[in-house]
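> Sequence first, predicted model second:
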Amino acid sequence: MVADVSENGRLTIGVPRETVPDERRVALVPDIVKQLVGRSNVAVLVETGAGHAASFPDAAYEDAGATVVPNAEALYAQADMIVKVQRPQYDPAAGVDEVAPLRDGSILIAPLQPLSHPELIRALAAKRIVAFSLDAIPRITRAQSMDILSSQSTVSGYKAVLLAADNLPKFFPMLTTAAGSITPAKVLVIGAGVAGLQAIATARRLGAVVESYDTRPVVKEQVESLGAKFVDVGVDTSDTQTAGGYAKEVSADVLRRQQDVLADHAAGSDVVITTALVPGRPVPRLVSAETVGRMRQGSVIVDLAAETGGNCELTVPGEVVQREGVTIMGLLNLPSLVPVHASQMFAKNIQNLLALLVVNGEYAPDYNDEVVSGPEGKGALITRDGDIVHAQTRERLGPVAAAAG
């Protein structure tokens, strides 16, 4: 059962300040708060300072109709629903527990990464939290406007190219000057999902010569439409995409062929940007240490898969390192480096999801909606009424976890 709404009869949404180090984004921005208060008839509480790092001061939230509260304790005590950019941090052994402040039976909306954080999911179920994971929203046409993976990957792809350009000791574009002609930089983008396509577009705008590879041959047309060359590895990769549009794991033989072909292309590139991810699985290692050794001095690798181990064998998550004269950037959370627009896009995703969950100020979801949950439990809903209801999470965590609460 969902916690009672606030005394005025309206659902109260709480926006806490993010606690993860270097997180600059905020889950709701003032413009979206104004629309939620006006159109959706909800109340919004914002912890003081929640938007400061993203350039949204407390006064802007107050002008939008939100109530600014002095601390997290006051916010969690009053909120029926919590919306967050980062999942609640949960490591009781280390004295970190952001699940405890949640009101029993309240609602949580955040990217929970449920397959990778079983203890968090069990803790949420134990508190009977109605938990929605933003990274579990189905990849269907009507849910695109709610898809934070796409919106935040757009930011990552853009920022990755700017970081590469800033660290490359060369120009990106071709230049003709009185001092002679400058040849354009060569950029290889591995993975042509949302982040990869944005990286291609940004690198092309900066004047680089770009080529790209993806295991899914269906993206070839998209790559070429942006002015990049599609790399053909010469193996059958027709069955490398899920029904939801995500990449699937490939066989060991295909992976070796990918590595061999990409090694040759990486060796001739000034910049390599890797974006290859497989949801719920280890990321593929596509750039070996040997490949790095073949690259030109001064070359740059930006590994957008660093948080889950990295596509490059020499990536150090969270760090920028030099190996064999090559700069390897394993920075985490690139969207946080563009916090204004990243927050605006994230907040719009939240607003569009709330349109399915809130009716005239009341929490009234249709649990049969395939985006919310659906009959087969394949939507964004992870836990409800003390149970794990998301099918894939329930299957991965096993029956003991499913019975939690």
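Nice, thanks for sending it over.

> in this structure, which helix or strand is least confident?
Lowest by mean pLDDT, DSSP states H and E among the helices and strands of the chain is helix 391-402, with a mean of 76.

> In the stretch 1-150 of the chain, what residue spans correspond to strands?
Counting by DSSP state E, counting those that start in this stretch, the segments of the stretch 1-150 of the chain that form strands are 12-15, 43-47, 67-69, 81-83, 90-91, 96-97, 107-110, 130-133.

> Between those, which one is closest to Arg122.
strand 90-91 (9.4 Å; C-beta to C-beta). Quick note: C-beta positions are derived from backbone N, CA and C, even for glycine.

> on contacts alone, who are the packing partners of that closest one?
strand 96-97, helix 118-126 (3 or more C-beta pairs under 8 Å, 6 or more residues apart in numbering; DSSP states H and E).

> Need the contact partners of it.
Residues from elsewhere that reach strand 90-91 (C-beta atoms under 8 Å, 6 or more residues apart in numbering): Val96, Asp97, Glu98, Val99, His117, Glu119, Leu120, Ala123.

> could the strands of the stretch 1-150 of the chain be laid out in CSV, adding mean neighbour count?
Below are these laid out as CSV (neighbours: other C-beta atoms under 10 Å):
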stretch, mean neighbour count
strand 12-15, 27
strand 43-47, 25
strand 67-69, 19
strand 81-83, 25
strand 90-91, 14
strand 96-97, 13
strand 107-110, 23
strand 130-133, 28
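
> just the helices and strands packed on strand 90-91: most buried one?
The highest average neighbour count among the helices and strands packed on strand 90-91, using mean count of other C-beta atoms under 10 Å, belongs to helix 118-126 at a mean of 21.

> then that one to PDB, C-alphas only?
Extracted in PDB, the C-alpha atoms of helix 118-126 (Å, rounded to 0.1, in the frame of the first residue of the first chain):
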ATOM      1  CA  PRO A 118      20.600  -6.900  -5.500                       C
ATOM      2  CA  GLU A 119      21.000  -5.800  -1.900                       C
ATOM      3  CA  LEU A 120      19.500  -2.400  -2.700                       C
ATOM      4  CA  ILE A 121      16.500  -4.100  -4.300                       C
ATOM      5  CA  ARG A 122      16.000  -6.400  -1.400                       C
ATOM      6  CA  ALA A 123      16.100  -3.500   1.000                       C
ATOM      7  CA  LEU A 124      13.500  -1.500  -1.000                       C
ATOM      8  CA  ALA A 125      11.300  -4.600  -1.100                       C
ATOM      9  CA  ALA A 126      11.600  -5.000   2.700                       C
END
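
> Report the mean per-residue pLDDT for it.
Helix 118-126 carries an average pLDDT of 96.

> what's the answer for stretch 286-303, then?
Here the average pLDDT along stretch 286-303 is 96.

> now stretch 39-51
96.

> can you give me the offset of that stretch from its chain's centre?
23 Å (C-alpha atoms, centre = their mean, to the nearest Å).

> CA atoms only for it, dumped as CSV, please.
Provided in CSV are the C-alpha atoms of stretch 39-51 (Å, rounded to 0.1, in the frame of the first residue of the first chain):
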residue,chain,number,x,y,z
ARG,A,39,-1.0,21.0,-14.6
SER,A,40,-0.6,17.8,-12.5
ASN,A,41,-1.7,19.4,-9.2
VAL,A,42,1.1,17.9,-7.2
ALA,A,43,3.1,19.4,-4.4
VAL,A,44,6.9,19.6,-4.8
LEU,A,45,9.5,19.8,-2.0
VAL,A,46,13.1,20.5,-2.9
GLU,A,47,16.0,20.1,-0.5
THR,A,48,17.9,23.4,-0.2
GLY,A,49,20.9,23.4,-2.6
ALA,A,50,19.6,20.5,-4.6
GLY,A,51,19.9,22.5,-7.9
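
> So that it lines up with my notes, have the first residue be 51 from now on.
In the new count, where the first residue is 51, that last one comes out as stretch 89-101.
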